[in-house]
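>>> Here is the input, now give the coordinates:
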Amino acid sequence: GIYGKVHTSVIPTTSPQCALGSSSNQWTDIFTQKVTSTGLVKGTQLQATDSSLTSTFTGAISVSGNSTFNGAIASALVPSANNSFALGNNSKDWSKLYVKDISSSGDTSLTGSLTVGGHAYFNGLTTLGNDPSDVVNLNGVVGGDIVPNDTSKDIGTSTYNWNELYIKKIFASNNCTFSG
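Here you go, the predicted model:
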């Protein structure tokens, strides 16, 4: 073997025909300040021991197996194709998601409970429940008018009617029936 220190560059005689190690005879560790590659970089571990250092990868990076990333991502995490990749799947959920804003241009589906702290704005057609047996609880006060979009809407039914009404005035434009 060769032992000692190298005080100059180690340059192959032809490119890209030379390798440093092989698939059966691999180096255990390579300690370097910088790795620059115009081709494929393979390995079981890529690690920076100084948290102040920045690792930059340009081009496609393929990671398989369980991977651990420690530290912060200092740029946008953008998929290479629109509407093609998921974050998690049906059997492997992320535990929590902390974001400032959520913007969705497609359908958004939530399973379980949704708690909103602060104001919630629902623009456009809004449906609460998808079946007449669904229960919608309103705890609090209504801060605006409740206006139907046409004259065919009812409040309550003959089976499910309101117990008491507390109102100041009644304006009716058609027949009024009172019973009980």
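
>>> Show me where this protein has its strands.
Using DSSP state E, no strands are found in the chain.

>>> what about it, any weak spots by pLDDT?
Residues of the chain meeting the criterion pLDDT under 70: 1, 15-16, 36-60.

>>> Now with 80, please.
1-3, 10-21, 23, 26-74, 174, 178-180 (pLDDT under 80).

>>> Contacts only, for the residue nearest the centre of the chain.
Residue closest to the average C-alpha location in the chain (CA atoms, centre = their mean): Leu87, at 6.2 Å. Neighbour list for Leu87: Trp94 [criterion: CB atoms under 8 Å, 6 or more residues apart in numbering]. Bear in mind the C-beta positions are built from the backbone N, C-alpha and C, glycine included.

>>> Okay, it and Asn25: tell me how far apart.
39 Å (CB to CB, to the nearest Å).

>>> repeat for Asn70
On the measure of CB to CB, Asn70 and Asn25 end up 30 Å apart.

>>> Report the separation between Gly180 and Asp29.
Gly180 is 87 Å from Asp29, by CB to CB.

>>> What of Asn149?
According to CB to CB, Asn149 and Asp29 sit 70 Å apart.

>>> rewinding a little: Gly180 and Asp29: which is more packed in?
The neighbour count for Gly180 versus Asp29, taken as other CB atoms under 10 Å, is higher for Asp29 (6 against 2).

>>> In contact with that one, which residues?
Neighbours of Asp29 in contact, by CB under 8 Å, 6+ apart: none.

>>> Angles on the backbone of it, please.
Phi and psi for Asp29, reported as degrees, to the nearest 10, are phi -140, psi 140.

>>> quick thing: my sequence starts at 285, can you match it?
In the new count, where the first residue is 285, that last one comes out as Asp313.

>>> where's it relative to Ser307, distance?
17 Å.

>>> now Ala365
Counting by CB to CB - Ala365 and Ser307 are separated by 32 Å.

>>> Same question for Phe315.
Using CB to CB, Phe315 is found at 21 Å from Ser307.

>>> One more: Asn421?
63 Å.

>>> ditto for Thr392
46 Å.

>>> next one: Ile286
In this view, Ile286 and Ser307 are 21 Å apart by CB to CB.
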